[in-house]
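**Student:** missing the sequence, but the structure's below:
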């Protein structure tokens, strides 16, 4: 059976959140490993930076878990922030993901926006494994491989953008990222998340910029479809091949 570590990033001054996670994990039969988060209130004021102290603390907290995964030579881990509700099928789905012959860096286990992309597989639980063509998934819950952790550490050692933005830009950053839908972990309060929304209305831009964004959307959609087809081919016969290519939402 595939061994999986479940890491929960938790602020030392928020024992209430730790207690809530412990109760959920006890109910689901999950062994939680708590990782102390960097506290924005204890960080020095950031120098000239586009990031706030909170965003830097959040980034460094996730970076700490990536380092732990590599240093402990874990094949994979699941990383959570601590303000979430967990689905009862979480453990079973994560074990199925670990058993699939997929060459990926990470799989996001929830999304803050409707999931759009190309279906890779239908899991035993009925969840869809999707190659996304749009942003907005957040960094509150994700399945991470050792290769993915190494890639993140090598390319994103310093916080230059919010951690969820790094994952949203996976298609640009060279990260091989999928998403599971519907969500297996849902933020209790998503209003404070710093996300790049695919549905957000942007200010009016010059026509050239508008055309570039439109071309980028088409390119990302085509890229997601091609990658999903490649992954379906690798899964066969482990998972029945799916012929549908229509874009979600799910």
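**Tutor:** Nice, I can see it. Not measured: the values here are computed from a predicted model.

**Student:** Could you tell me the end-to-end distance of stretch 75-94?
**Tutor:** Start and end residues of stretch 75-94 are separated by 13 Å (CA to CA, to the nearest Å).

**Student:** now swap in stretch 133-141 and tell me
**Tutor:** First residue to last in stretch 133-141 (CA to CA) measures 19 Å.

**Student:** Start the count at 4 instead of 1 going forward.
**Tutor:** New numbering, starting at 4: the last item is stretch 136-144.

**Student:** can you pull the buried residues of it?
**Tutor:** Neighbour counts over stretch 136-144 (16 or more other CB atoms under 10 Å) mark 136, 137, 138, 139, 140, 141, 142, 143, 144 as buried. All C-beta atoms are positioned from the backbone trio N, CA, C, and that covers glycine.

**Student:** Stretch 88-106 too?
**Tutor:** Counting neighbours by 16+ other CB under 10 Å, one finds that the buried residues in stretch 88-106 are 89-90, 92-97, 99-101, 103, 105.

**Student:** Equivalent analysis for stretch 15-33, please.
**Tutor:** 20, 21, 23, 24, 27, 28, 31, 33.

**Student:** Let me see the contact set for the third one.
**Tutor:** Under the criterion of CB atoms under 8 Å, 6 or more residues apart in numbering, the neighbours of residue 23 are residue 85.

**Student:** Restricted to strands, list the buried residues of stretch 88-106.
**Tutor:** residue 89 (DSSP state E).

**Student:** For the residue nearest the centre of the chain, give me its contacts.
**Tutor:** Geometric centre of the chain, nearest residue: residue 111, 3.2 Å, by CA atoms, centre = their mean. Residue 111 is in contact with 140, 141, 144, 145, 146, 170, 180, 181, 182, 183, counting by CB under 8 Å, 6+ apart.

**Student:** Adding pLDDT, distance to residue 56 and secondary structure, write these out as TSV.
**Tutor:** Below are the contacts of residue 111 laid out as TSV (pLDDT from 0 to 100; distance: CB to CB, whole Å; DSSP: H, G, I helix; E, B strand; the rest coil):
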residue	pLDDT	distance to residue 56	secondary structure
140	74	24	coil
141	84	20	coil
144	96	23	strand
145	97	23	strand
146	98	29	strand
170	86	21	helix
180	91	27	strand
181	94	32	strand
182	94	29	strand
183	95	31	strand
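
**Student:** of all these, which comes closest to residue 81?
**Tutor:** Relative to residue 81, the closest of the contacts of residue 111 is residue 146; by CB to CB it sits at 5.2 Å.
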